[in-house]
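K.L.:
Prediction below, plus the sequence it came from.
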Amino acid sequence: MYTILLVIHTILVVFLILMVLIQRTDSDGLSGLGGGGGNQFMTGRGAANFMTRTTAILAAAFMVTSLSLAVMASHMTRTSIIDTAVPLETAPVPVEAPKAKAVEENKAKPEQKTPAVPKPE
């Protein structure tokens, strides 16, 4: 069922893209790039209403199939990413860093006092 719905969804996407690209724009912004006769295709009020309705129907069908595919995909796997996370009790304990040992060794050595520097006047 999922595969059939995915194929229908793909076909809807292709037709929706084609319908949007075929429609004539109101401002004629990019429609002039195809040459002078590009705007003559399917002109008239009846064709525009047909194309607008078809685009709306395809868009609604696209939304329905998208939601259906999302619901079906969520029911395919019952586990969550949070379920697969490692609990804190079983998390690995970090190993002591070598810098901490070096600091402890320096504390064991007697401190050497540096001579005081006189303040300039």
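P.N.:
Perfect, I can see it now.

K.L.:
Return the set of buried residues in the lengthiest helix in the chain.
P.N.:
Ranked by residue count under DSSP state H, the longest helix found in the chain is helix 45-76. Under the neighbour-count criterion of 16 or more other CB atoms under 10 Å, helix 45-76 has 51, 55, 58, 61, 65, 68 buried. For the C-beta atoms, the positions are set from N, CA and C on the backbone; glycine is no exception.

K.L.:
Quick check: of those residues, which lies closest to Leu6?
P.N.:
Thr65 (8.5 Å; CB to CB).

K.L.:
All the strands of this protein, residue numbers only.
P.N.:
Along the chain, counting by DSSP state E, no stretch forms strands.

K.L.:
What number of residues are in the vicinity of Ile17?
P.N.:
Look at Ile17: counted by other CB atoms under 10 Å, it has 11 neighbours.

K.L.:
That one and Ala73, how far apart?
P.N.:
Using CB to CB, to the nearest Å, Ile17 is found at 23 Å from Ala73.

K.L.:
Then Thr79?
P.N.:
With distances taken as CB to CB, Thr79 is found 13 Å from Ala73.

K.L.:
Now do the helices for the chain: every range, in order, please.
P.N.:
Counting by DSSP H, one finds helices in the chain at the ranges 2-22, 45-76, 98-108.

K.L.:
out of the ones you listed, nearest to Asp83?
P.N.:
Using CB to CB, the helices of the chain put helix 45-76 closest to Asp83, at 14.0 Å.

K.L.:
Could I get the average pLDDT for the closest one?
P.N.:
Mean pLDDT, helix 45-76: 88.

K.L.:
That one packs against which elements?
P.N.:
Applying 3 or more CB pairs under 8 Å, 6 or more residues apart in numbering; DSSP states H and E, one finds that helix 45-76 makes contact with helix 2-22.

K.L.:
pLDDT weak spots in the chain?
P.N.:
Residue ranges of the chain with pLDDT under 70: 25-47, 86, 88-121.
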